[in-house]
Each structure stands twice: as structure tokens, then as C-alpha cells.
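S.K.: got a predicted structure here, sequence first:
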Number of protein chains: 2
Amino acid sequence: MKVDGGQLLETFRRYLRDHSLPVTHQRLAVAEAIFFSGDHLSAEDIAGQVAKGGAGPVGTATVYRTLELLVGSGLVTEHDFGEGFKRYEPGSSGGEGGGQPHEHCICSSCGAVTEFSNDRLERMIALLAEEVAFRPHHHRLEIYGLCRRCQQSNPLARAR
Amino acid sequence: MKVDGGQLLETFRRYLRDHSLPVTHQRLAVAEAIFFSGDHLSAEDIAGQVAKGGAGPVGTATVYRTLELLVGSGLVTEHDFGEGFKRYEPGSSGGEGGGQPHEHCICSSCGAVTEFSNDRLERMIALLAEEVAFRPHHHRLEIYGLCRRCQQSNPLARAR
DNA sequence: ATGGGTGCAAATCCTTTGCACTCGG
DNA sequence: CCGAGTGCAAAGGATTTGCACCCAT
């Protein structure tokens, strides 16, 4: 499912208002960068996107502080793909913001992220957790291997 | 499946010999700490375990350097549960060292890790990746929620 | 006005690296 | 012996925090 950036941005404004938090242009700039990227950006990527945008650059600290807000609001999901830093993506599986659970395939060669979702998988995961007396809340599934492009360009490559 | 620490340790010695690497007591101490813990330890945990052991403490750098060896040999698996640091566990899904693919349930309340494995799940994951033209190599599934103990001690708690 | 937000730089946290010294083979 | 291993401390990268100043409300 595609998420509409503009709509998410509007929801964020409302979220801020509802929580009596100032709607600063820095916050909006950071939110926009994520909502309209459609990709999984790092904090640094986000700062870069914002800097390229019309409004001036935003301090690193502010980027992180805004990310905390966005993740807290459920409008943005935080991912840790084990690269030593986090990545952020619009939409959420848990929050009120919309989106739906989906999993990630991360290319070991070029880093590209492919997504997919499957109800049967989600159900099975929940079930298996319950079988070991665990009450699942949310989960992360990351598949590492080669994306289509890298399979073609390097057919013999072994995923790391 | 239970892994025998002593056997893993022996395999590690052989691995070192086969690669013409010195078998130092520091390396063995670090390996032991992991092989006999049965838990998912952080680098710091490992250093602590080693320090408590008979032989003297081992420098942080050595712990990390040995971990690299162990992970490289396939005798130890590295995990990143998004806590900001890594954890290590004996056995491996990929290496020659044995073990088999299994997934983790991480308690959001107490941090305990429960494991399980399921063939059907493994197959489904591989299949779903291939459906989006991705060639899977390995994956990580982490389920966050409440472990049995924490469900009982706090029945109304909502997993974070 | 005015309380929170922002930027900068200093501080943290985990992990890596440089280098002189020590030890296993 | 000798090259690789070790410890210490300094360096690194991502993220957080303290504090004086600035801006939405």
C-alpha cells in the first residue's frame, strides 16, 4: 500500500497541535523529507534532504529530536538493519497513522530494500510466538540476500 | 537443539590451528564465556564473564577481536536487537559449526530471549522473498512482546 | 511575553585502531 | 627467536545532552 506524503504531513501537524507542541518549520522539514522520500533514510540522509530543500539546513540534534516525535506519533517507523545506525520510513504498523505490517529484504550487495507483506506469514509468526508462551506485540523480519538487480549484474555473487 | 560447549570449544581450537593462528588463553577464555553461557551476551557481558573466570581479565579490544574470529568461523552468531550494541550466541545458522536456523522472542519488559524454530516458517520466508524477485541468503526474525514470566507478574502490561 | 524549540559543541556509548610490549609455535 | 596477539588509551561514528538564544503560540 502506498502512503500519501501530504496526508501524513497533515496528520503530523494535527498531532503537534493536539499535543500543544509548536509546529516549527524544522519539524515540518524533517517530516517532509521522510514522508516524501518513500525510502528508508538514515538520520544523516534526512539532514541532507532537508538541507537540499528550500528552507535552510536543520541541526543534527533537531533531526533526532523530531524523529523521536515522529516515531512516538506512529507516523514513522524506525528500523535497525544492523548497519550501526538507524533508518526511518513513513507509515507504521503499530501507530494510528496507518500503514500495515510489512517485511524487508535487504540486498547484501547494494543495500537496496524491497518490501513485501503477507497475512499468512503474520499469522504464523504470532502463532509460533504464542506456542512458546510469548505474547507478541510486534516483530521485525529482515531477509538478507541479493536484490533482483544485483542477481543480474553479478549472477555468481554469493550473498555475504 | 542444545549445543555442547566443550565440543564447540574443541572446534574453535581446531579452527585456530587450521588457520595457523595462535591459541591464546584469552581467545579460549572469550570462547568459553560464550559457549557455556547459553545466553545472548553483549561484549561487555562477555568481558565480565571472563573476568570472573579463573584466568585474569581480558582487554576490551581482545574481546572484540576474538568475537570477530568466532563469528567468522561460524561458531558464534552475532545479533543486533536494536539495543545499540550487539549480542553473541553460540552456534550458527550459516557456518560450518552446526546449529540451525531459529528465531528470537525478546521480552520488552525484562529483556529475556526465548527461541523457537519452525521449518514451515523458514520455508515460507524463503518463498515470500523469492516472490519479490529477491534471492534470500539468511534472515533475522525478532518478535517483541512479553515473556511468560512478565505476562504473569504484570498481566495488564502492554508490551512497548 | 514566554515556554518550548533550536543550534552548537561537548559528552556518551559501543566499537575500532595505533603502538609498544609479550607470548605461542 | 619472531610474527602475531594483547593491553591501553586514543580515535571513531552515531546519537544524546547542556545551555544560551530564538520563535511559534
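M.R.: The structure has been received and is ready for your questions. Numbers count the residues shown, from 1 in each chain, chains lettered A, B, ... in the order given.
S.K.: can you list the weak-confidence ranges in chain A?
M.R.: A:1-3, A:92-99, A:154-160 (pLDDT under 70).
S.K.: so which bits of it are right by DNA strand D?
M.R.: Chain A comes close to DNA strand D at residues A:16-17, A:22-25, A:42-44, A:60-61, A:64-65, A:68, A:84-86, as judged by C-beta under 7 Å from any atom of the strand. Heads up, the C-betas are built off the backbone N, CA and C, glycines and all.
S.K.: just the ones of these in helices?
M.R.: Mapping those onto helices (DSSP state H) picks out A:16-17, A:25, A:43-44, A:60-61, A:64-65, A:68.
S.K.: neighbour-wise, which of these leads?
M.R.: A:L16 (18 neighbours; other C-beta atoms under 10 Å in any protein chain shown).
S.K.: quick check: closest non-adjacent residue to it.
M.R.: In this structure, A:L16 finds its nearest non-sequential neighbour in A:V23, 4.9 Å apart by C-beta to C-beta, 6 or more residues apart in numbering or on different chains.
S.K.: in chain A, which residue is closest to the centre?
M.R.: For chain A, A:E89 is the residue whose C-alpha lies nearest the centre (C-alpha atoms, centre = their mean; 2.0 Å).
S.K.: please enumerate the strands of chain A.
M.R.: Under the criterion DSSP state E, strands of chain A are mapped to A:41-42, A:76-79, A:87-90, A:103-107, A:113-116, A:135-146.
S.K.: dump these to CSV, plus distance to B:E32.
M.R.: As requested, the strands of chain A are exported to CSV (distance: least, C-beta to C-beta, whole Å):
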stretch, distance to B:E32
strand A:41-42, 37
strand A:76-79, 34
strand A:87-90, 36
strand A:103-107, 33
strand A:113-116, 38
strand A:135-146, 29
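S.K.: possible to save those strands as CSV with distance to chain B?
M.R.: Compiled in CSV, those are given as follows (distance: least, C-beta to the nearest C-beta, whole Å):
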stretch, distance to chain B
strand A:41-42, 15
strand A:76-79, 8
strand A:87-90, 11
strand A:103-107, 4
strand A:113-116, 5
strand A:135-146, 3
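S.K.: indicate which one of the ones you listed is closest to B:R149.
M.R.: Across the strands of chain A, B:R149 has its closest neighbour in strand A:135-146 (11.2 Å, C-beta to C-beta).
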